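Student: Give me a model of this one.
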Amino acid sequence: SVAYDGTSIWVTNFGSNTVSRIDPVSGARTDFPTGSGPRGIAFDGTSIWVANSGAGGGVVSRIDPVSGARTDFPTGLNPRGVAFDGTSIWVTNLGSNTVSKINPVNGARTDYPTRLGPLGIAFDGTSIWVTNLGPNSVSQIDPVTGAILVDHATQLSPRGIAFDGTYIWVTNLNSDSVSRIDPTFPGQRDDFPTGHFPDGIAFDGSSIWIANHGEDSVTRYDVTGARTDYGLNGLAGRIAFDGTYLWVTNPERLAVTRLVP
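Tutor: Now for the predicted structure:
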């Protein structure tokens, strides 16, 4: 996964048990150790948070973005996605069918049940949103109580999730589509075609960008609904926006690609 902290790009390296801090201009890189099997990543305004899904249960690492100093906190089993709601860190636990709300200072944790196979996670300013692989849905969760408010149907294998200021967008890996969901009208959903195996998703302030993991491309949908596909030198994984560039992970090339929107 990939995230931006206001200064640097951060990329989790699942096979190396590290996270890379990358200068967005020069590409200069520094690696810091994480827990086993780092996956999701997020920035809370102070620290980088990494979900480690490997052996030994599950932990999330809080990392100082300057020194790389790390503190680990327990989560549920097989943690995957990470998000910050302005107060708490939220982690989806694929192996426990739960989501963990974590105090970013002391690691105090509360787990809430989700639907089967929670994976992607995002915050829209009001609610936490979690994609569920089992029922092919996305759950809208109250960040105070952890209660599931509404389940919104998606297409097959929802994974990545993003908020554009109005709508929730979800990539559907096995449907080659992205779902646009109106949070104010349960059941109101529009599906749009993407490239093969859409995975990561990001919003750049005007357009939605989708990383197509089954092919060397990203898909852009602008405000008019017009679609444009752009080729990459390698399969796309996850994607993030730094205010200037889009960053796409290329797992097969062990690289991250910088794109001009």
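Student: Low-confidence regions, the stretch 1-150 of the chain specifically.
Tutor: By pLDDT under 70, the weakly predicted segments of the stretch 1-150 of the chain are 55-57.
Student: Mind doing that once more with 50?
Tutor: Within the stretch 1-150 of the chain, not a single segment meets pLDDT under 50.
Student: Pretty sure Pro74 sits against Arg109.
Tutor: Yes - counting by Cβ atoms under 8 Å, Pro74 touches Arg109, with 6.9 Å between them. Heads up, the C-betas are built off the backbone N, CA and C, glycines and all.
Student: of these two, who's got more company?
Tutor: Arg109 (17 against 14; other Cβ atoms under 10 Å).
Student: Contact partners for that one?
Tutor: Phe73, Pro74, Thr75, Ser100, Lys101, Ile102, Asn103 (Cβ atoms under 8 Å, 6 or more residues apart in numbering).
Student: wait, the third one sits on Ser61?
Tutor: Same thing as Thr75. No - with contact defined as Cβ under 8 Å, Thr75 does not count as touching Ser61 (10.3 Å).
Student: neighbour-wise, which of those two wins?
Tutor: Thr75 (29 against 23).
Student: tell me the phi and psi of that one?
Tutor: Per-residue torsions, Thr75: phi -130, psi -160 (degrees, to the nearest 10).
Student: Next, Ser206: phi, psi?
Tutor: Dihedral pair for Ser206: phi -140, psi -30, per degrees, to the nearest 10.
Student: Distance check, it against Arg258.
Tutor: Separation of Ser206 from Arg258 (Cβ to Cβ, to the nearest Å) stands at 18 Å.
Student: neighbour-wise, which of these two wins?
Tutor: Neighbours per residue (other Cβ under 10 Å) separate Ser206 from Arg258, with Arg258 holding more: 15 against 10.
Student: What residues does the nearest residue to that one once chain neighbours are set aside make contact with?
Tutor: Leaving aside its sequence neighbours, Arg258 sits nearest to Tyr245 (Cβ to Cβ, 6 or more residues apart in numbering; 4.9 Å). Neighbouring residues of Tyr245 by Cβ under 8 Å, 6+ apart: Pro24, Arg258, Leu259, Val260, Pro261.
Student: Quick check on those: which are buried?
Tutor: Pro24, Leu259 (16 or more other Cβ atoms under 10 Å).
Student: Put together a markdown table for the contacts of Tyr245, with secondary structure and distance to Ile210 on each row.
Tutor: Shown next, in a markdown table, are these (DSSP: H, G, I helix; E, B strand; the rest coil; distance: Cβ to Cβ, whole Å):
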| residue | secondary structure | distance to Ile210 |
| --- | --- | --- |
| Pro24 | coil | 21 |
| Arg258 | strand | 17 |
| Leu259 | strand | 13 |
| Val260 | coil | 17 |
| Pro261 | coil | 13 |
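Student: Looking at the contacts of Tyr245, which is nearest His196?
Tutor: Using Cβ to Cβ, Leu259 is the member of the contacts of Tyr245 that lies nearest His196, at 18.6 Å.
Student: partner residues bridging that closest one?
Tutor: Leu246 (DSSP bridges).
Student: Thr244 is in contact with that one, correct?
Tutor: No - taking Cβ under 8 Å as the definition, Leu259 is not a contact partner of Thr244, at 10.4 Å.
Student: Which elements pack onto the helix or strand that contains Thr30?
Tutor: Following DSSP states H and E, one finds Thr30 within strand 29-33. Where contact means 3 or more Cβ pairs under 8 Å, 6 or more residues apart in numbering; DSSP states H and E, strand 29-33 is packed against strand 18-22.
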